[in-house]
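Engineer: no sequence for this one, just the structure:
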């Protein structure tokens, strides 16, 4: 609140100096207002939640063999092989060392591996989209949404993706592959070491089947 102080006396005769007025502004109410605004924003603003990426890692149990780690139903399994120069290969089910065309080459674009994953996980993706609509319409809560999405992703008929990277691939390749897992609602995926057999598939594909399958130990 502003306060005006008159430093002059009573009326003076003609020719007297103009009286001086001092203006003092009281900022005390502004402090109260700032405190109210801070309290308002603290109560009405939601804190940002950390964005995390769920990763299913293989067990560290040394008694579990590699075959047991990778053992899934062939019709639901999809293996991604990440190689140098941003190259990406995949095969469905069990590897076929006799036919080099069983290994397919793709990329990290929407028309590449994403299209393959969406095809494999079509039913789950459709159900997740329906749940998103229900949550947006406030038909289900956030907790119910997360629970139902988790159940959809882990259903028995959903695919299992096995991600294997060569020493020549980059961290960006791995992150891009993991991003596709989230985009395509893949709930079951693991990251494991690449095997000699997988490396043979890549080499045999690039040589158009010129290598002998006997080289696979």
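Structural biologist: Yes, it's here. Computed from a predicted model, the values in this text were never measured in an experiment.

Engineer: how far does stretch 74-94 stretch from start to finish?
Structural biologist: 6 Å (Cα to Cα, to the nearest Å).

Engineer: now what about it, what contacts it?
Structural biologist: Contact with stretch 74-94 is made by 70, 95, 102-108, 112-113, 116-117, 120, 157-166, 168-170, 173-174, 177, 194, 198, 201-202, 205, as judged by Cβ atoms under 8 Å, 6 or more residues apart in numbering. Every residue, glycine included, has its C-beta placed from N, CA and C.

Engineer: now, of those residues, which are buried?
Structural biologist: Among the contacts of stretch 74-94, those buried by neighbour count (16 or more other Cβ atoms under 10 Å) are 70, 95, 102-103, 106, 108, 113, 116-117, 120, 158-166, 169, 173, 177, 194, 198, 201-202, 205.

Engineer: so which of those are in helices?
Structural biologist: Residues of the buried ones among the contacts of stretch 74-94 located in helices (DSSP state H): 113, 116-117, 120, 173, 177, 198, 201-202, 205.

Engineer: mind putting these into TSV with pLDDT and distance to residue 129?
Structural biologist: Putting those into TSV (pLDDT from 0 to 100; distance: Cβ to Cβ, whole Å) gives the following:
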residue	pLDDT	distance to residue 129
113	96	20
116	95	18
117	96	15
120	93	16
173	95	27
177	95	22
198	95	33
201	95	34
202	96	35
205	95	35
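
Engineer: so residue 208 touches residue 99, yeah?
Structural biologist: No - counting by Cβ atoms under 8 Å, residue 99 is not a contact partner of residue 208; they are 11.7 Å apart.

Engineer: what's the pLDDT at residue 197?
Structural biologist: For residue 197, the pLDDT comes out at 94.

Engineer: quick one: low-confidence ranges for the chain?
Structural biologist: 1-23, 45-73, 213-217 (pLDDT under 70).

Engineer: please enumerate the helices of it.
Structural biologist: Counting by DSSP H, the helices of the chain are 28-44, 66-69, 113-120, 122-136, 142-153, 171-183, 196-206.

Engineer: can I get those in TSV with distance to residue 90?
Structural biologist: Shown next, in TSV, are these (distance: least, Cβ to Cβ, whole Å):
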stretch	distance to residue 90
helix 28-44	48
helix 66-69	18
helix 113-120	7
helix 122-136	17
helix 142-153	20
helix 171-183	10
helix 196-206	10
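
Engineer: closest one to residue 190 among those helices?
Structural biologist: Nearest to residue 190, of all these, is helix 66-69, at 7.3 Å by Cβ to Cβ.

Engineer: how many other residues sit next to residue 122?
Structural biologist: 12 (other Cβ atoms under 10 Å).

Engineer: state the distance from residue 103 to residue 155.
Structural biologist: 28 Å (Cβ to Cβ, to the nearest Å).
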